[in-house]
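> Got a predicted model here, sequence first, then my questions.
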Amino acid sequence: MADTESIVYNETENNESLASNVSGREAASREGLATAYIFLFAMALVPIFIGSLRSVVYHYNLKKKGEQAEERIRMREAAMFPIYASVALFSLYMIFKYLPKDLVNMVLNMIFFSVGVTAVTRASSVLVDYLLSLVNVLNLSTYILQFQKKGKDKLL
């Protein structure tokens, strides 16, 4: 009887270890999942909050100056929007249906890489300009080139 119990116990233990190690890595801990979800939630909310705050400040400054932000859409643009959206969605459907998945993945990776590099560059350029103006080690001279027309349709 004890022999049967040990066989059943060993089989159950083997099945559990096989099921948990199919991917070859340990299951995520509760702390790890909580950290991941908190950061995902924060990364979703922080840009919305910052954008909303900047929008309020922008409209407040415009109101202080006596100006008004003009954001209008014409009737023709509003009527064409469903057509543009339909063409875009149909194009995406055709791309995903008929192009190889590896090619689509490579193109999307290149697009997201270039957008990410551009975003980081634009976001950090203000800080880099400020730091370079503080250091001002190079003391570079600024030259301005001006081209003027002489004669008929000729430069220089």
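Perfect, I can see it now.

> Which helix or which strand is home to the residue nearest the centre of the chain?
Among the residues of the chain, the one closest to the centroid is Gly116, at 6.0 Å (Cα atoms, centre = their mean). Taking DSSP states H and E as the definition, one finds Gly116 inside helix 101-135.

> got it, and Gly24?
Applying DSSP H and E, one finds Gly24 in no helix or strand.

> Pop out the phi and psi values for Leu145.
The phi and psi torsions at Leu145 (degrees, to the nearest 10) take the values phi -100, psi 130.

> Can you find the helix or strand in this structure with the smallest mean pLDDT?
Least confident helix or strand of the chain, by mean pLDDT, DSSP states H and E, is helix 2-20 with a mean of 55.

> Pull the distance from the helix or strand following that one to the chain's centre.
Going down the chain from helix 2-20, the next helix or strand is helix 30-65, by DSSP H and E. Helix 30-65 sits 14 Å away from the centroid of its parent chain (Cα atoms, centre = their mean, to the nearest Å).

> quick revisit: mean confidence score for the helix holding Gly116?
For helix 101-135, the mean per-residue pLDDT is 88.

> May I see the buried residues of it?
Across helix 101-135, burial judged by 16 or more other Cβ atoms under 10 Å covers no residue at all. Using the backbone N, CA and C atoms, a C-beta is placed for each residue, glycine as well.

> From Tyr143, how far off is the residue nearest to the centre of the chain?
34 Å (Cβ to Cβ, to the nearest Å).

> likewise Ala119?
32 Å.

> what does Met94 give?
52 Å.

> Have a look at those two and say which one is more surrounded.
Neighbours were counted for Met94 and for Tyr143 using other Cβ atoms under 10 Å; Met94 has more, 10 against 5.

> and the angle for whichever strand or helix holds the more buried one with helix 101-135?
Take DSSP H and E as the rule and Met94 turns out to sit in helix 75-98. Orientation of helix 75-98 against helix 101-135 (axes from the mean of the first three to the mean of the last three Cα atoms, to 10 degrees) gives an angle of 120 degrees.
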